[in-house]
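Novice: Have a look; sequence and predicted model below, questions after that.
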Amino acid sequence: MTMASRIESTRDESEETATESSEPESALETARRQLSHAADHLDIDQHIVERLKFPQKVHEVTVPIERDDGTVEVFTGYRAQHDSVRGPFKGGLRYHPEVTRDECVGLGMWMTWKCAVMNLPFGGAKGGIAVNPKELSSAERERLTRRFAQEIRDVIGPNRDIPAPDMGTDPQTMAWLMDAYSMQEGETTPGVVTGKPPAVGGSKGREEAPGRSVAIITQLVCEYYDYQLGETTVAVQGYGSVGANAARLLDDWGATVVAISDVNGAMYDPEGIDTASVPSHDEEPEAVTTYADDVISNDELLALDVDVLIPAALGNVITEENAEAIAADLVVEGANGPTTSTADLMLAERDVAVIPDILANAGGVTVSYFEWLQDINRRAWPLERVNDELEAEMQAAWRAVRAEFESRDVTWRDAAYIVALSRIADAHEARGLWP
Ligand code: NAD
């Protein structure tokens with residue numbers, strides 16, 4: 001897999017290079033282009049825009065660990081902190097061999113927009129270690145995480161920068177990080193990370209939240225375009241945390257889910273799939289096609305003539321090669337960056353509504369915010385409250401984006417970035433430049 005294809009958040013709709021090239025942009029290029037594009041629609045101080053093109057700080061650390069065989073190996077870790085004008089930095093930590101400084105900066109910027117469109121009191125950050133976690137034992141991953149926690153301890157914290165799981169990291173990684181931080185601080189500090197196991201302050205509903213937000217946004221966009229959910233057909237690419245949760249909720253709410261897929265192919269049933277009966281990636285990895293009577297390819301799934309298409313597997317799957325073949329009226333981005341910039345333009349020309357990832361899958365960071373609130377208050381919320389408040393936050397973000405969509409001649413993606421940037425710019429304007 002190339003780095004560009006792995007980066008995921010690699011789409012944009014504005015001018016210049018990427019629209020002419022078949023190579024997807026890097027996360028950093030995308031984040032900057034989206035910033036400039038949104039800025040073109042707003043009357044904001046150019047100095048603020050210039051400032052936002054760069055991270056506030058990037059920390060690079062050396063992380064040596066003793067392997068199980070007694071040898072020492074040295075890895076490089078990063079924490080890129082983009083902007084904290086609206087609150088502490090927030091964003092994931094990934095363990096992947098191709099993690100780089102620039103990737104962390106780009107994805108950190110993208111977290112700034114995502115938190116702002118949701119109106120969360122956070123800025124954006126991203127970090128990680130250039131390592132293949134699959135080549136480490138659990139004990140080695142633990143030592144790596146504890147040493148990394150020590151190296152970045154001064155720059156993280158519940159009021160500074162709050163990491164979360166990402167590619168190659170999980171709730172257990174966050175529990176080690178929280179423990180290492182707490183031991184050094186001399187006090188138990190659950191709010192230093194989110195996405196923890198519930199036993200140490202993790203929130204109920206966190207795992208399901210990105211898929212739930214995709215389902216909520218799908219419901220809202222259907223309502224907006226006068227589709228009755230009971231008469232709406234849906235195809236979902238990817239049956240993991242995001243895809244399976246979104247598909248099952250939409251199925252519960254009355255939609256007809258006609259196709260779901262994993263890396264091996266797609267299950268297709270025009271009469272509707274009983275989504276509860278098919279195991280998700282977590283429950284039984286890559287098993288969708290083994291439960292299917294009718295198997296089609298992932299390419300065929302993307303081209304199905306359905307009302308709603310939800311790409312929820314990986315980035316850059318809707319490209320200039322297949323954008324013409326997309327027959328859905330509405331695309332709700334479950335994955336990060338599933339639509340390349342060229343494909344985005346092609347879909348916009350055909351009036352296909354594409355609801356962007358920074359809005360649709362933002363349930364994860366939103367429930368991370370709830371987790372942080374629960375940790376600070378030392379009081380866990382019942383699942384019902386988490387889901388009710390998530391619904392309320394998604395509706396509020398939707399209304400804000402819809403208002404921009406309706407008042408300007410822009411795409412849904414533009415509208416979401418305009419909401420995000422105007423909130424960030426207002427905060428910069430109010431605080432001013434230090435010193
Ligand atoms: P996951 O690992 O739980 O599931 C991924 C699914 O996609 C699996 O069913 C897998 O078989 C399938 N898949 C993998 N490669 C595929 C391919 N080439 N073609 C078709 N299907 C393929 O992952 P997830 O957590 O659901 O994440 C999916 C996407 O959503 C990613 O882009 C991720 O960055 C994004 N996302 C995840 C979260 C989260 O908290 N889980 C939050 C926001 C965004």
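Specialist: Structure received.

Novice: Every contact and neighbour count from this point should use C-alpha atoms.
Specialist: OK.

Novice: Which residues are in contact with G195?
Specialist: By C-alpha atoms under 8 Å, 6 or more residues apart in numbering, the contact set of G195 is A164, P165, D170, P171, M174, G202, S203, R206, E207, S368, E371.

Novice: change it to 10 Å
Specialist: Taking C-alpha atoms under 10 Å, 6 or more residues apart in numbering, we find G195 in contact with 92, 163-166, 170-175, 201-204, 206-207, 364-365, 367-368, 371-372.

Novice: Show me which of those are buried.
Specialist: Buried members of the contacts of G195, scored by 16 or more other C-alpha atoms under 10 Å, are 92, 163-166, 170-171, 173-175, 201-204, 206-207, 364-365, 367-368, 371-372.

Novice: quick check: longest helix of the chain.
Specialist: What stands out as the longest helix in the chain, according to DSSP state H, is helix 383-407.

Novice: Give me the distance between that one and the centre of its chain.
Specialist: How far helix 383-407 lies from its chain's middle: 16 Å, per C-alpha atoms, centre = their mean, to the nearest Å.

Novice: Tell me the buried residues in it?
Specialist: Per 16+ other C-alpha under 10 Å, helix 383-407 contains these buried residues: 386-387, 390-391, 393-395, 397-398, 400-402, 404-405.

Novice: and the gap between E231 and the ligand?
Specialist: 26 Å (C-alpha to the nearest ligand atom, to the nearest Å).

Novice: tell me the contacts of that residue?
Specialist: Going by C-alpha under 10 Å, 6+ apart, E231 touches G254, A255, T256, D307.

Novice: Let me have those in TSV, adding secondary structure as columns.
Specialist: Listed next are the contacts of E231 as TSV, based on DSSP: H, G, I helix; E, B strand; the rest coil:
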residue	secondary structure
G254	coil
A255	coil
T256	strand
D307	coil
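
Novice: among these, which ones are buried?
Specialist: The neighbour-count test (16+ other C-alpha under 10 Å) marks A255, T256, D307 as buried among these.

Novice: Export these to JSON lines and append columns for distance to E349.
Specialist: Shown next, in JSON lines, are these (distance: C-alpha to C-alpha, whole Å):
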{"residue": "A255", "distance to E349": "27"}
{"residue": "T256", "distance to E349": "27"}
{"residue": "D307", "distance to E349": "18"}
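
Novice: Which elements pack onto the longest helix of the chain?
Specialist: On a contact count with 3 or more C-alpha pairs under 10 Å, 6 or more residues apart in numbering; DSSP states H and E, helix 383-407 meets helix 101-117, helix 209-224, helix 357-360, helix 363-377, helix 412-431.

Novice: Now with 7 Å, please.
Specialist: Judged by 3 or more C-alpha pairs under 7 Å, 6 or more residues apart in numbering; DSSP states H and E, helix 383-407 is in contact with helix 363-377, helix 412-431.

Novice: where do the strands sit along the chain?
Specialist: With DSSP state E as the definition, the chain shows strands at residue ranges 57-66, 72-83, 89-96, 123-130, 161-165, 233-237, 256-262, 265-268, 295-296, 308-311, 330-332, 353-355.

Novice: So which of those is nearest the ligand?
Specialist: Proximity to the ligand (C-alpha to the nearest ligand atom) singles out strand 256-262 among the strands of the chain, at 3.5 Å.

Novice: so what strands line up beside that closest one?
Specialist: Within its sheet, and counting by DSSP bridges, strand 256-262 is paired with strand 233-237 (parallel), strand 265-268 (antiparallel).

Novice: got those strands as TSV, with mean neighbour count and mean pLDDT columns?
Specialist: Converted to TSV, the strands paired with strand 256-262 look like this (neighbours: other C-alpha atoms under 10 Å; pLDDT from 0 to 100):
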stretch	mean neighbour count	mean pLDDT
strand 233-237	28	98
strand 265-268	25	98
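
Novice: how about TSV for the ones you listed, with distance to N298 added?
Specialist: Listed next are the strands paired with strand 256-262 as TSV, based on distance: least, C-alpha to C-alpha, whole Å:
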stretch	distance to N298
strand 233-237	7
strand 265-268	5
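
Novice: Would you mind giving those as a markdown table with distance to the ligand added?
Specialist: Putting the strands paired with strand 256-262 into a markdown table (distance: least, C-alpha to the nearest ligand atom, whole Å) gives the following:
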| stretch | distance to the ligand |
| --- | --- |
| strand 233-237 | 6 |
| strand 265-268 | 7 |
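
Novice: Cool, thanks, signing off.
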